[in-house]
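S.K.: Structure for the following, please:
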Amino acid sequence: MQPDFDDVLAAAARIAPYAYRTPVVRSRSLDDLAGCELFFKCENLQRAGAFKFRGACNAVLALDAESAARGVLTQSSGNHGAALALASRLRGIAATVVVPEGAPAVKVAAMSDFGADIVRCAPTMAARNAAITALLRETTMTLIHPFDDALVIAGQGTTALELLQDVPTLDAVCAPIGGGGLLSGCALTVRSLRPQAEIWGAEPAGAADAHASLQAGVCITDYVPETICDGLRATTTPRTLTMVQRYASGILLVDDEATIAAMRLLWERLKLVVEPSGAISFASVLRHRDRFAGRRVGIVLSGGNVDLDRLPWAQR
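M.R.: Next up, the predicted model:
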């Protein structure tokens, strides 16, 4: 099942008591640099440090009492796991997260701090899926997928809902894409509220499975990602790919060097802590500036959970 715009509106009402309405910020110097008017939606300031709280909160709050009492389960290398842990704590239920080895320490620490039980596995999707299958067989927990879930997608769509409520006359919106939950939800919302606007996904050139899937018309799942954007290494599913095909304008590829440069600009000019996976949307506008020249562009800064000991420009 795919969500519709009514589901996004329902999600907005459901999560309103818990999720932050994040600000939209401007920078004249970055406008001049990009050659267009930029409107930054600061999901790096969201609870748990990323947009993921919206979808996780919507899914957790939508559970009936019996399902909620059995607890929830997911797999995540970072932001979704932390978001689900926080949402579960707010509802007073248990959460378990399957975490691959090598996941960013700052994100794993957040999951634990929010009360999740951590189950480690090998750093492959096959290992994650095997661990999930085993836990579902052994327990009665409810699985909440990081992006292949209608309630999660609807929750992520509230990001664009707020952005367009604050800036109704945007010509384009750009959001990161990994598994496709954020872009699917935002594209659905943009098409519903401002159909003349474009909605672009930004994807690492070293993890371009969504771009390849869009070109092929089927999900490419054997792509081996090589990117600093640890939050964008997942592959799309038939649900998210179908929504991207239906609602999005396309996917723009960005190399890691450009993403790191954009991330540094955001730290320096906006004084905002943004992670690489969150900065790539801004990087895509800079890299493809001719496409956006002179236009009003909304940019989703999707997260700000950075391991400060591993900053990409730090001098060692």
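S.K.: what about Ser175, which helix or strand?
M.R.: Wrong residue type there; residue 175 is Ala, not Ser. Element membership for Ala175 (DSSP states H and E) is strand 172-176.
S.K.: Pull the distance from that strand to the chain's centre.
M.R.: 11 Å (Cα atoms, centre = their mean, to the nearest Å).
S.K.: the helices in the stretch 51-200 of the chain, which residues?
M.R.: 52-62, 65-69, 79-91, 105-113, 125-138, 150-166, 181-193 (DSSP state H, counting those that start in this stretch).
S.K.: which strands and helices sit next to the first one?
M.R.: What that stands for is helix 52-62. helix 5-15, helix 79-91, helix 150-166 (3 or more Cβ pairs under 8 Å, 6 or more residues apart in numbering; DSSP states H and E). The C-beta positions use only the backbone N, C-alpha and C, and glycine is treated the same way.
S.K.: For Val25, which of the ones you listed is the nearest?
M.R.: Val25 sits nearest to helix 150-166 of all the helices and strands packed on helix 52-62, at 10.6 Å, using Cβ to Cβ.
S.K.: List the buried residues of the closest one.
M.R.: 150-164 (16 or more other Cβ atoms under 10 Å).
S.K.: got a list of what the residue nearest to Val273 when sequence neighbours are not counted touches?
M.R.: Of all residues not flanking Val273 in the chain, Gly304 sits nearest, at 4.5 Å (Cβ to Cβ, 6 or more residues apart in numbering). Neighbouring residues of Gly304 by Cβ atoms under 8 Å, 6 or more residues apart in numbering: 44-45, 49-50, 272-275, 278.
S.K.: and what of Val8?
M.R.: 154, 157-158, 161, 185, 188-189, 192.
S.K.: closest to Val60 among those?
M.R.: The closest of the contacts of Val8, once distances to Val60 are taken by Cβ to Cβ, is Ala154, at 13.1 Å.
S.K.: do you know how far the most centrally placed residue in the chain is from Pro238?
M.R.: In the chain, the C-alpha nearest the mean C-alpha coordinate belongs to Leu182, at 4.9 Å (Cα atoms, centre = their mean). From Leu182 over to Pro238 the distance is 17 Å, taken as Cβ to Cβ, to the nearest Å.
S.K.: Next: Ile199.
M.R.: 20 Å.
S.K.: Would you mind telling me which of those two has the busier surroundings?
M.R.: Comparing Ile199 with Pro238 by other Cβ atoms under 10 Å, the one with more neighbours is Ile199, at 24 against 11.
S.K.: got the angle between the strand holding Ala175 and helix 150-166?
M.R.: Angle of strand 172-176 versus helix 150-166, following axes from the mean of the first three to the mean of the last three Cα atoms, to 10 degrees, is 140 degrees.
S.K.: Report the strands that pair with strand 172-176, each with its relative direction.
M.R.: strand 198-204 (parallel), strand 296-301 (parallel) (DSSP bridges).
S.K.: Tabulate those in CSV, adding columns for distance to Ala216 and mean pLDDT.
M.R.: Putting these into CSV (distance: least, Cβ to Cβ, whole Å; pLDDT from 0 to 100) gives the following:
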stretch, distance to Ala216, mean pLDDT
strand 198-204, 15, 99
strand 296-301, 26, 99
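S.K.: mind putting those in TSV, distance to Ala68 included?
M.R.: Listed next are the strands paired with strand 172-176 as TSV, based on distance: least, Cβ to Cβ, whole Å:
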stretch	distance to Ala68
strand 198-204	33
strand 296-301	29
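S.K.: closest one to Cys57 among these?
M.R.: Cys57 lies closest, by Cβ to Cβ, to one member of the strands paired with strand 172-176: strand 296-301, at 17.3 Å.
S.K.: Distance-wise, check Lys271 relative to Phe40.
M.R.: With Cβ to Cβ as the criterion, Lys271 and Phe40 are 12 Å apart.
S.K.: which of these two has more neighbours?
M.R.: A direct count of neighbours by other Cβ under 10 Å for Lys271 and Phe40 places Phe40 higher, at 25 against 9.
S.K.: That one contacts Val285, doesn't it?
M.R.: No - the pair Phe40 / Val285 is not scored as a contact, 10.6 Å apart, by Cβ atoms under 8 Å.
S.K.: joint contacts of those two?
M.R.: Ile299.
S.K.: before we move on, back to that, quick check: which of the strands paired with strand 172-176 is nearest to Val224?
M.R.: In terms of Cβ to Cβ, the element of those nearest to Val224 is strand 198-204, at 12.3 Å.
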